[in-house]
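[1] Let's see this in three dimensions:
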Amino acid sequence: MNHSSLKFFVGILMLILSSNCTLLAQDLQYDLPYDMSYYQEEIGKTFLFYVTGSNDSECWGGEENVYTIDSPLGVAAVHAGLLKVNEINLIKVKVLEGRESYPSVTRNGITSGEHESSDGSYQLSAPEPGDIANAPTTMSDYLGKFGFTFVFRVKAHKDGSIWGGKDNVYTSDSEIATAAVHAGLLKPGETGIVRLRMLEGRRAYPAVTRNGLTSHDYDDWEGSYQFVKEEEQDKK
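    Residues are numbered from 1 along each chain as shown. Sure thing, here's the model as predicted:
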């Protein structure tokens, strides 16, 4: 099997596995959603996501920062005044029961749609000091956010697939929990805080053996991430 085929099948496996581990707020890995429809049954639970502000679609509601469950997070965050368009930051999202009505609200350059009822809702708020998002499986959802540093909580394990590792730089679709072990930041089973800077893709990702793991090698790829120290996280 060539490297492209391997990455394809690993990606499918990751998708299957992540669909079984993202339902509960206490799980240590969940991937970035477009809206909160997947979490509709998690009423009363709060999640933290890095969201990118957007105005390219419609959201519904907005009173008290409460939106229909299928409102795009990026648009709702701009409407709520928590983000500007194309700005990325941590947002707190609480899942609520559906409401009988969601009136249209105009603010921050966006007029939300009116909706009579919805099966679920979510409420947006700014994170509190010390809030840290749980790590996604990989950084594939953050391609294009080059130069931005993300701070995540992750539970490390050695069972994922990773590509590269030279200078602590991995392909964007390398599993973070395993890359953290490979980089020597955490041991399998440990939970800790990691800082990841998104980088542009490289022409080559050579295999590296260290800390009991050997990464895969790969050629040209569309994006990368690098583990950085706390004092380096604001550098570009």
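[2] tell me the mean pLDDT over stretch 177-184?
    Averaging pLDDT along stretch 177-184 yields 98.
[3] Name the residues that touch it?
    By C-beta atoms under 8 Å, 6 or more residues apart in numbering, the list of residues contacting stretch 177-184 from outside reads 29, 135, 137, 154-162, 165, 168, 170, 186-188, 192, 194, 208, 210-213, 215, 227. For the C-beta atoms, the positions are set from N, CA and C on the backbone; glycine is no exception.
[4] I'd guessed Glu114 sits against Val105; true?
    No. Shown here, Glu114 and Val105 do not form a contact pair, counting by C-beta atoms under 8 Å, at 9.1 Å.
[5] Give me the more crowded residue out of those two.
    Val105 (21 against 12; other C-beta atoms under 10 Å).
[6] which residues touch the more buried one?
    Contacts for Val105 were tallied using C-beta under 8 Å, 6+ apart; they are Gly61, Gly62, Glu63, His79, Thr111, Ser112.
[7] quick one, helices of this protein?
    Ranges of helices in the chain, per DSSP state H, are 3-19, 73-79, 176-182.
[8] if we look at the sheet, which residues does Val51 bridge to?
    Asn89 (DSSP bridges).
[9] per-residue confidence at the residue nearest the centre of the chain?
    Central residue of the chain (C-alpha atoms, centre = their mean): Leu32, 4.0 Å from the mean position. As predicted, Leu32 sits at a pLDDT of 84.
[10] tally of neighbours for the nearest residue to it once chain neighbours are set aside?
    Closest residue to Leu32 apart from its sequence neighbours, by C-beta to C-beta, 6 or more residues apart in numbering: Asp141 at 4.2 Å. A count of nearby residues for Asp141, using other C-beta under 10 Å, gives 17.
[11] repeat for Glu230
    Quick note: Glu230 (other C-beta under 10 Å) scores 10 neighbours.
[12] So it is in contact with Arg195, correct?
    Yes. Glu230 lies in contact with Arg195 (C-beta under 8 Å); the separation is 6.4 Å.
[13] now the strands: where do they sit in the protein?
    46-52, 66-68, 88-97, 106-107, 110-111, 120-125, 133-134, 149-155, 169-171, 191-200, 209-210, 213-214, 223-227 (DSSP state E).
[14] Include mean pLDDT when you put these into a markdown table, please.
    Shown next, in a markdown table, are those (pLDDT from 0 to 100):
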| stretch | mean pLDDT |
| --- | --- |
| strand 46-52 | 96 |
| strand 66-68 | 98 |
| strand 88-97 | 97 |
| strand 106-107 | 98 |
| strand 110-111 | 98 |
| strand 120-125 | 98 |
| strand 133-134 | 94 |
| strand 149-155 | 96 |
| strand 169-171 | 98 |
| strand 191-200 | 97 |
| strand 209-210 | 98 |
| strand 213-214 | 98 |
| strand 223-227 | 98 |
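[15] quick one on the thing from earlier: give me the buried entries from the contacts of stretch 177-184.
    Neighbour counting by 16 or more other C-beta atoms under 10 Å classes 29, 135, 137, 154-158, 160-162, 165, 168, 170, 186, 188, 194, 208, 211, 213, 215, 227 among the contacts of stretch 177-184 as buried.
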